[in-house]
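>>> what would the 3D arrangement of this be:
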Amino acid sequence: MEIKAIKEVLEVCRRLDQRNLVNAYEGNVSIKRGGYIYITPTGKNKAFLTEEMIAVFEEDTMKQVGGLYPASSEMLLHTNAYQTRPDVSGVIHCHPTMLTAYSLCNKSIESKAYPEMIGNFKKIPCAPYGRPGTDEIFDVAREYVKKNDIVLLGNHGVITVGKDVYDAMNKVEAAEAIAKVLYYAEQVGKIVDLEDSEVEMFLAK
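Numbers count the residues shown, from 1 in each chain. The predicted structure is shown next:
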């Protein structure tokens, strides 16, 4: 086990809490490193987690070898993500206000007007609903996660994967900010799209 990995989980949890991307009951963070999976415990406020509270599992046996509490109820979501995307080492599942609002509407996020949205994400797809806490939630999202680092989970929130947990954190933070801009722009008036050639330039990056 690595104390450094545990500290990284705690650091990301506090950042997500400060940015209102998680709340007392919702949201979970994990790291896969060196044959272990480190994940937040179930039912605990992310802002007040301590090192001994982080659940640690052997990746091969899925035996819990560290932590005072059971893993998040969405453990299956994380382990399935790691199995599907061996290139990632960090997974975040959370319910940010705007991203979750889009997920409740089963609406993917895309834009031809916002360069940062196009360049950074191209499109944030929304997977169909799958029952939380079961394999079903990832089964319906699997094909989306194979091709995208951030995916809305229908009626449930969002999953983000990254080369490390900070990469996953940055993606969900940026995506939530973009979702807010697009929502407010729709309230302000008619959104003006970029020229097709400009859109293609950002898509190509």
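>>> okay, CA-based contacts and neighbour counts for the rest of this
Noted.
>>> count of neighbours near Arg33?
Counted with other CA atoms under 10 Å, the neighbours of Arg33 add up to 16.
>>> residues touching the nearest residue in space to Lys163 that is not next to it in sequence, list them.
For Lys163, the nearest residue in space outside its immediate sequence neighbours is Val88; the separation is 4.5 Å by CA to CA, 6 or more residues apart in numbering. For Val88, the set of contacting residues under the criterion of CA atoms under 8 Å, 6 or more residues apart in numbering consists of Tyr82, Val161, Gly162, Lys163, Asp164.
>>> adding neighbour count, distance to Gly130 and secondary structure, write these out as JSON lines.
Converted to JSON lines, those look like this (neighbours: other CA atoms under 10 Å; distance: CA to CA, whole Å; DSSP: H, G, I helix; E, B strand; the rest coil):
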{"residue": "Tyr82", "neighbour count": "19", "distance to Gly130": "18", "secondary structure": "helix"}
{"residue": "Val161", "neighbour count": "29", "distance to Gly130": "18", "secondary structure": "strand"}
{"residue": "Gly162", "neighbour count": "21", "distance to Gly130": "22", "secondary structure": "strand"}
{"residue": "Lys163", "neighbour count": "16", "distance to Gly130": "25", "secondary structure": "coil"}
{"residue": "Asp164", "neighbour count": "18", "distance to Gly130": "26", "secondary structure": "coil"}
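>>> one step back: next one: the residue nearest to Lys163 from Thr79, what distance?
According to CA to CA, to the nearest Å, Val88 and Thr79 sit 11 Å apart.
>>> likewise Tyr144?
With the distance defined as CA to CA, Tyr144 ends up 16 Å from Thr79.
>>> likewise Ile118?
Distance from Ile118 to Thr79, by CA to CA: 29 Å.
>>> same check on Asp17?
23 Å.
>>> contacting residues around the helix ranked longest in the chain?
As assigned by DSSP state H, the longest helix anywhere in the chain is helix 165-188. Around helix 165-188, the neighbours that count as contacts under CA under 8 Å, 6+ apart are 8-9, 12, 16, 19, 21, 29-31, 89-92, 96-99, 109, 116-117, 149-150, 160-162, 191.
>>> over to stretch 23-30?
9, 12-13, 17, 37-41, 43-47, 72, 74, 78, 90-95, 165.
>>> dump the one helix or strand in the chain whose mean pLDDT sits lowest to PDB, keeping only the CA atoms.
Taking mean pLDDT, DSSP states H and E as the measure, the chain has helix 196-203 as its least confident helix or strand, at a mean of 90. What follows is the C-alpha trace of helix 196-203 in PDB, where atoms were taken according to Å, rounded to 0.1, in the frame of the first residue of the first chain:
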ATOM      1  CA  ASP A 196     -18.100  25.100 -39.600                       C
ATOM      2  CA  SER A 197     -14.500  25.500 -40.500                       C
ATOM      3  CA  GLU A 198     -13.800  27.000 -37.100                       C
ATOM      4  CA  VAL A 199     -15.600  24.100 -35.400                       C
ATOM      5  CA  GLU A 200     -13.600  21.600 -37.400                       C
ATOM      6  CA  MET A 201     -10.300  23.200 -36.400                       C
ATOM      7  CA  PHE A 202     -11.100  22.800 -32.700                       C
ATOM      8  CA  LEU A 203     -12.400  19.200 -33.300                       C
END
